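In: my questions concern the predicted model and sequence given below.
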Amino acid sequence: MEWFAIDLGDAMLAQGRLTELERQLGLAWLGAGQPDTMLAGVVSRSQGLHCLTTLFLSGPLQRLVALPDAVPCQHLPADVQPLIGNWPNMAC
């Protein structure tokens, strides 16, 4: 599956934007009929004194919402936490 990533920066500062994006993506997913191919997840990783947050979107969801700061990425990290979509049927 094709994936896109958005670097949200420091986890403490990213929460507001993440909440806004979760609402936007959830509404888009619901409006599209909750397809299994539309997924979003989040990863937070420690980087020294900071914890960096990255949002991942499947290709079909990114094409629907067209977030301008989403960049293609090679693969989905194994430690992604589901945010939007039907993850049990996920194919990485």
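Out: Noted; the coordinates are in hand.
In: which regions of the chain lie under the pLDDT threshold?
Out: Where the chain drops to pLDDT under 70, the residues are 88-92.
In: which residues in it form helices?
Out: Per DSSP state H, the chain has helices spanning 11-31, 59-65. These are given in chain order.
In: return the most buried member of these.
Out: Highest mean neighbour count among the helices of the chain (mean count of other CB atoms under 10 Å): helix 59-65, with a mean of 18. (C-beta placed from N, C-alpha, C; glycine too.)
In: how distant is that one from the center of its chain?
Out: 11 Å (CA atoms, centre = their mean, to the nearest Å).
In: what do you get for stretch 50-70?
Out: On the basis of CA atoms, centre = their mean, the separation between the geometric centre of stretch 50-70 and that of its chain is 5 Å.
In: for that stretch, C-alpha coordinates in CSV please.
Out: Taking C-alpha atoms only, stretch 50-70 is exported to CSV below (Å, rounded to 0.1, in the frame of the first residue of the first chain):
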residue,chain,number,x,y,z
HIS,A,50,11.8,15.6,22.7
CYS,A,51,9.2,13.2,21.4
LEU,A,52,8.5,13.6,17.7
THR,A,53,5.1,12.8,16.2
THR,A,54,4.4,11.7,12.6
LEU,A,55,1.0,11.2,11.1
PHE,A,56,0.7,8.5,8.4
LEU,A,57,-2.0,8.4,5.7
SER,A,58,-2.8,5.7,3.2
GLY,A,59,-2.7,6.8,-0.5
PRO,A,60,-6.5,6.7,-1.0
LEU,A,61,-7.1,8.8,2.1
GLN,A,62,-4.4,11.4,1.1
ARG,A,63,-5.9,11.6,-2.4
LEU,A,64,-9.3,12.4,-0.9
VAL,A,65,-8.1,15.0,1.6
ALA,A,66,-5.1,16.3,-0.4
LEU,A,67,-3.1,17.6,2.6
PRO,A,68,-0.4,19.8,1.2
ASP,A,69,2.3,18.9,3.7
ALA,A,70,2.0,15.1,3.2
